[in-house]
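A.B. asks: next input, structure requested:
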Amino acid sequence: MPVNISETADGKVIEVEVNGKLTAADYDLFVPLTEERIRQYGKISMIIVLTDFHGWEAAALWDDLKWDVKHFTDLERLAVVGDRQWQKGVSAFCRPFTSAEIKYFDWSEREAARSWAGETAPDS
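C.D. replies: Numbering: from 1, shown residues only. From the prediction side, this is the model:
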């Protein structure tokens, strides 16, 4: 499975581990869960873990952009975890699509990313 989705016990932080290329079917799993948690909490935080990430299929990229526009203000924090320099650029790529605080973490800092994403942002 190219995408593994998990969440903290309270559901306010969703972790999405991506392996390979994202497909529209992956968004069929991701969107309902995130939208339910946003309805439940108002704002959530996310951790995106990139493992051998190869980008998006065209339909998945469209789904991603639609989700980003719809939920521009619904993310509090977005942690991007990767092990390649270009993946650090993914966090910069996300900036125009969300008002969330975004931070990149190297793979070795995965636990720090989880901790950071679970914190409440100072202006919340």
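
A.B. asks: how about stretch 113-122: buried residues?
C.D. replies: 113-114, 116-117 (16 or more other CB atoms under 10 Å). Bear in mind the C-beta positions are built from the backbone N, C-alpha and C, glycine included.

A.B. asks: quick one: the residues you listed as JSON lines, columns for pLDDT too.
C.D. replies: Putting the buried residues of stretch 113-122 into JSON lines (pLDDT from 0 to 100) gives the following:
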{"residue": "A113", "pLDDT": "94"}
{"residue": "R114", "pLDDT": "92"}
{"residue": "W116", "pLDDT": "94"}
{"residue": "A117", "pLDDT": "93"}
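
A.B. asks: how about those residues in JSON lines, adding secondary structure and distance to G55?
C.D. replies: Formatted as JSON lines, the buried residues of stretch 113-122 follow (DSSP: H, G, I helix; E, B strand; the rest coil; distance: CB to CB, whole Å):
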{"residue": "A113", "secondary structure": "helix", "distance to G55": "21"}
{"residue": "R114", "secondary structure": "helix", "distance to G55": "24"}
{"residue": "W116", "secondary structure": "helix", "distance to G55": "25"}
{"residue": "A117", "secondary structure": "helix", "distance to G55": "23"}
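
A.B. asks: and of these, the nearest to I14?
C.D. replies: Using CB to CB, A117 comes nearest to I14 of the buried residues of stretch 113-122, at 9.1 Å.

A.B. asks: ok, now which ones touch that closest one?
C.D. replies: Residues in contact with A117 (CB atoms under 8 Å, 6 or more residues apart in numbering) are 13, 15, 45-47, 77-79.
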